[in-house]
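1. Fold the following.
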Amino acid sequence: MMSVNSKRVFYVKYLANEIYADILRARPDVRLDRLENESPDEVSAPILAAAHAYQVGAARDELARHFHVDQDLLRRAPNLLIVSSNGAGYDPVDVEACTAAGVAVVNQSGGNAHSVAEHALAMLITLSKRIIQADRAIRREANVNRNALIGTEVQGKTIGIIGLGNVGRRIAALCKGLLAMNVLAYDPYLSATEMAERGGEKAALDELLRRSDYVSISCPLTKESRGMIGAREFALMQPHAYFITTARGFIHDEAALEAALRDKRIAGAGLDVWAKEPPPPDHPLLQFDNVLASPHTAGVTREARENMARIAAEQMLDALDGKRPPRLVNPQVWPAYVGRFERSFGFRPG
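-> Okay, here's the model as predicted:
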């Protein structure tokens, strides 16, 4: 029998929803510790040293740098077995360092897919109907000329979705089902058949950019996707096309997007993610009336937060009970992880 609180989990600052704490605290063999960004070393050091699992925030700029999961933190947490992101992304986690240390990294992919897809669609429609420009104009001017605010219908247009995972496939379903849109998709990890099953026509990236009336980014930030959309890619888009991203900052080049908007090479942009989050009010992209902006809130709904917290807690407990996590980001870690887990808890995970 495990002794009381023999499995140690900690988090910093916040959880997606308190249901996570409720689920873990219902287990007498699990201890959940909370730290703050400002917690002094004398408080944080013993918690890190004893921890088997870290429930880490997904937003890199909300988490103090010394609590990002890198080689330094892994050194300070020698018993750490599992790093679990609050969200689908895991920007504060050095996955390669975790793999080298035998630490499993898991996320909650799919838990906020509906919320993020709805946000992307809301941006698409708002930009097309020029609602944001109309709202600003009517607040600033008397006798607004509505003919200067003519929008376009979305019905039957083409959307190009980059990344046809949990979020991308939901965007495809909404666009096809509600608006009879044509869906092109770029995802190098899926076959044409798999993409068709998810509602998209497989296309090369350049072809997608040339043909789409809307380009929506919903892929994770990886070495391959970092900087994927730059000046060259914006130049391929049609002048009437809109760029929308609810994915991660650094996938698109903000300076290149600014130039494309300034030179009217594209019609506008909907941006939920940024290189620095939240962006400062004087950010160059925030000075355009045809840019619709939000501070990484696409997945921040009551329903998504509760769902993410629930699946995170269930996955964490299953992992601590020896089950293989269903959302394992670094599957190649499994052999080393199994050995470390067995040394910690006396049995091999299956």
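2. use CA for all of it now, contacts and neighbours both
-> OK.
3. CA atoms only for stretch 122-132, dumped as PDB, please.
-> Provided in PDB are the C-alpha atoms of stretch 122-132 (Å, rounded to 0.1, in the frame of the first residue of the first chain):
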ATOM      1  CA  ALA A 122     -16.100  34.600 -35.200                       C
ATOM      2  CA  MET A 123     -13.000  36.400 -36.300                       C
ATOM      3  CA  LEU A 124     -13.600  35.300 -39.900                       C
ATOM      4  CA  ILE A 125     -17.100  36.600 -40.000                       C
ATOM      5  CA  THR A 126     -16.300  39.800 -38.100                       C
ATOM      6  CA  LEU A 127     -13.500  40.600 -40.600                       C
ATOM      7  CA  SER A 128     -15.600  39.800 -43.600                       C
ATOM      8  CA  LYS A 129     -18.500  41.900 -42.600                       C
ATOM      9  CA  ARG A 130     -16.000  44.700 -41.500                       C
ATOM     10  CA  ILE A 131     -17.800  44.800 -38.100                       C
ATOM     11  CA  ILE A 132     -14.700  45.900 -36.300                       C
END
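4. Arg136: neighbour count?
-> 11 (other Cα atoms under 10 Å).
5. cool, Ala120 as well?
-> Ala120: 25 neighbours (other Cα under 10 Å).
6. That one contacts Phe243, doesn't it?
-> No: with contact defined as Cα atoms under 8 Å, Ala120 does not count as touching Phe243 (10.5 Å).
7. Overlap of the contact sets of the two?
-> Taking Cα atoms under 8 Å, 6 or more residues apart in numbering as the contact rule, Ala120 and Phe243 both touch Ser216.
8. Give the closest residue to Arg226 in space, chain neighbours not counted.
-> Ile251 (4.5 Å; Cα to Cα, 6 or more residues apart in numbering).
9. That neighbour against Glu224, yeah?
-> No: the pair Ile251 / Glu224 is not scored as a contact, 9.2 Å apart, by Cα under 8 Å.
10. who's more crowded, these two?
-> Each of Ile251 and Glu224 has its neighbours counted (other Cα under 10 Å); Ile251 has more, 25 against 9.
11. quick one: contacts for that one?
-> Ile251 is in contact with 221, 225-229, counting by Cα under 8 Å, 6+ apart.
12. Per-residue pLDDT of it, please?
-> Note on Ile251: pLDDT of 97.
13. Could I get the phi/psi values of it?
-> Ile251 adopts backbone torsions of phi -70, psi -40, taken as degrees, to the nearest 10.
14. Please determine how far it is located from Val273.
-> Counting by Cα to Cα, to the nearest Å, the gap from Ile251 to Val273 is 9 Å.
15. repeat for Val12
-> In this view, Val12 and Val273 are 22 Å apart by Cα to Cα.
16. Looking at the two, which is more packed in?
-> Neighbour count, other Cα under 10 Å: between Val12 and Val273, Val273 has more, with 24 against 21.
17. my guess is the more buried one contacts Thr246, does it?
-> Yes: the criterion here is Cα under 8 Å, and Val273 meets it with Thr246 at 6.1 Å.
18. which neighbours do those two share?
-> What both Val273 and Thr246 touch, as defined by Cα under 8 Å, 6+ apart, is the set His296.
19. Now for the chain, the helix or strand with the poorest mean pLDDT.
-> When each helix and strand of the chain is scored by mean pLDDT, DSSP states H and E, helix 131-140 comes last, with a mean of 94.
20. What lies in contact with that one?
-> For helix 131-140, contacts defined as Cα under 8 Å, 6+ apart pick out 126, 144, 149, 289-290, 292.
21. now for those residues, which pair is the farthest apart?
-> Greatest spacing in the contacts of helix 131-140, by Cα to Cα: Val144 and Leu292 (20.1 Å).
22. At which residues are the helices of the stretch 201-350 of the chain located?
-> 205-211, 231-236, 254-262, 302-320, 334-345 (DSSP state H, counting those that start in this stretch).
23. so which helix or strand takes in the spatially most central residue of the chain?
-> Centrality entry for the chain: nearest residue to the mean C-alpha point is Gly89, 4.0 Å, by Cα atoms, centre = their mean. Per DSSP states H and E: Gly89 is located in neither a helix nor a strand.
24. Just confirm it contacts Arg60, I think it does.
-> No: when contacts are counted by Cα under 8 Å, Gly89 is not listed as touching Arg60 (9.8 Å).
25. Looking at Val144 and Leu292, which one has more neighbours?
-> A count of neighbours by other Cα under 10 Å puts Leu292 above the other of Val144 and Leu292, at 22 against 13.
26. That one reaches Leu127, doesn't it?
-> Yes: the pair Leu292 / Leu127 is scored as a contact, 7.2 Å apart, by Cα under 8 Å.
27. quick one: which of the contacts of Ile251 is nearest to Glu38?
-> Of all the contacts of Ile251, Leu221 has the smallest distance to Glu38: 27.8 Å, by Cα to Cα.
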